[in-house]
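>>> Fold the following, please.
(one chain, ligands or ions: 1)
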Amino acid sequence: MAHTIVAGNWKMNASKNAVTKLLSELKLGVAAVNNAELVVFPPFPYLAQAQAELMGTSIGIGVQNICASAKGAYTGEVSLAMAREFGVSYVLVGHSERRALFAEDDAQVAAKYVATQAMQLTPILCVGETLEQREKGLTLSVVTSQIQAVIDAAGGASFANAVVAYEPVWAIGTGLTASPAQAQQVHKAIRAHVASIAPEQARGLKILYGGSVTAASAEELFAQADIDGGLVGGASLQADSFLAIGQAAK
Ligand code: PGA
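Below is the predicted model of the structure:
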């Protein structure tokens with residue numbers, strides 16, 4: 001696996017035509033991305049299309065959310081087994097929009113993380129502080145408590161098969177990016193927190209930065225010691241900017 005992961009969270013944006021265009025452009029450009037694994041996270045209705053278009057390429061597929069339950073009376077939900085049938089290998093859990101807009105709490109996030117690993121898929125556990133929390137000096141305690149909730153449920157060893165994404169809420173979709181130094185400080189604290197329970201897993205843990213990542217900001221972010229890639233929203237909707245972010249991985 002490439003050292004750097006560049007994940008494209010499309011959120012609730014796409015159409016059949018847009019997916020065809022974006023994925024064909026990504027397929028044409030991916031050969032020039034030498035040091036990053038590209039993964040796209042389409043909305044559920046486009047998974048079959050993504051699987052068909054990306055078959056035989058190095059571009060991976062993930063989903064933006066999942067149901068922690070296996071099957072049954074969960075109207076409107078999608079299971080891990082369903083996602084897996086469409087070539088999905090990564091699952092975002094606990095994205096701040098899920099936490100804030102759909103009231104997902106740490107216990108639900110942990111349940112989704114555990115269920116994802118039980119299906120041999122890789123959770124990307126999203127954590128991050130709000131602006132108010134940052135201004136009160138609570139950034140590191142908020143982020144480590146979000147990580148700890150998952151450690152309590154799944155154990156430190158589970159981080160051998162997981163990715164963490166640090167996404168300051170105030171930087172998502174706002175055009176404000178944490179500075180490389182601000183991001184590195186939090187990434188280092190996340191790795192240290194996991195290391196206090198599972199040192200070996202912490203060393204290999206990939207920690208992505210997310211929040212208004214662009215081609216212009218990616219190179220310096222990815223050069224930080226504890227930043228192992230990016231979770232990209234807006235800039236993942238255009239092939240040229242997503243590929244340029246991939247190429248920023250050295
Ligand atoms: P953004 O979104 O790059 O548009 O800020 C990132 C995310 O929410 O994953």
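>>> For this protein, give the residue positioned nearest to the ligand.
Distance from the ligand to each residue of the chain (C-beta to the nearest ligand atom) is smallest for Gly233, at 2.2 Å. The C-beta positions use only the backbone N, C-alpha and C, and glycine is treated the same way.
>>> Please give me every residue in contact with that residue.
For Gly233, the set of contacting residues under the criterion of C-beta atoms under 8 Å, 6 or more residues apart in numbering consists of 9-11, 172-173, 210, 212.
>>> Looking at neighbours, which among those residues is most surrounded?
Within the contacts of Gly233, most neighbours by other C-beta atoms under 10 Å means Gly210, with 28 neighbours.
>>> pLDDT value on that one, please?
Per-residue confidence at Gly210 stands at 97 (pLDDT).
>>> pretty sure it contacts Ala235?
No. With contact defined as C-beta atoms under 8 Å, Gly210 does not count as touching Ala235 (10.7 Å).
>>> who's in contact with the helix or strand hosting Ile207?
Assigned by DSSP states H and E, Ile207 falls within strand 206-210. Contacts made with strand 206-210 from outside it, assessed by C-beta under 8 Å, 6+ apart, are listed as 5, 7, 9, 124, 126, 128, 163-167, 171-172, 178, 183, 187, 190-191, 221, 226-233.
>>> Flag every residue of this structure that's near the ligand.
Within reach of the ligand by C-beta under 6 Å from any ligand atom, the chain has these residues: 9, 167, 172-173, 210-213, 231-235.
>>> Flag the least confident of those.
In terms of pLDDT, Gly173 ranks lowest among these, with 89.
>>> show me the contacts for that one.
Going by C-beta under 8 Å, 6+ apart, Gly173 touches 212, 233-234.
>>> roughly how far apart are it and Ala183?
Gly173 sits 17 Å away from Ala183, going by C-beta to C-beta, to the nearest Å.
>>> And for Glu77?
Taking C-beta to C-beta, one finds Glu77 at 33 Å from Ala183.
>>> Please identify which of these two sits among more neighbours.
Looking at Glu77 and Ala183 with other C-beta under 10 Å, you find the greater number of neighbours at Ala183, namely 26 against 14.
>>> Alpha carbons only: can I get stretch 68-75 in PDB?
These are the backbone C-alpha positions of stretch 68-75, laid out as PDB (Å, rounded to 0.1, in the frame of the first residue of the first chain):
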ATOM      1  CA  ALA A  68     -23.700  -0.900  12.400                       C
ATOM      2  CA  SER A  69     -26.400  -3.600  12.300                       C
ATOM      3  CA  ALA A  70     -26.100  -6.500   9.900                       C
ATOM      4  CA  LYS A  71     -29.700  -6.700   8.400                       C
ATOM      5  CA  GLY A  72     -33.300  -6.300   9.100                       C
ATOM      6  CA  ALA A  73     -35.800  -3.600  10.000                       C
ATOM      7  CA  TYR A  74     -33.600  -0.500   9.600                       C
ATOM      8  CA  THR A  75     -35.500   1.600   7.100                       C
END
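>>> roughly how far apart are the residue nearest to Gly94 when sequence neighbours are not counted and Glu77?
Of all residues beyond its chain neighbours, the one nearest Gly94 is Val109 (3.7 Å), with distances taken as C-beta to C-beta, 6 or more residues apart in numbering. Relative to Glu77, Val109 is positioned 15 Å away (criterion: C-beta to C-beta).
>>> Tell me which residue lies farthest from the centre of the protein.
Farthest-out residue of the chain from its mean C-alpha position, per C-alpha atoms, centre = their mean: Ala73, at 28.0 Å.
>>> CSV for the contacts of Gly173, including secondary structure?
Listed next are the contacts of Gly173 as CSV, based on DSSP: H, G, I helix; E, B strand; the rest coil:
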residue, secondary structure
Ser212, coil
Gly233, coil
Gly234, helix
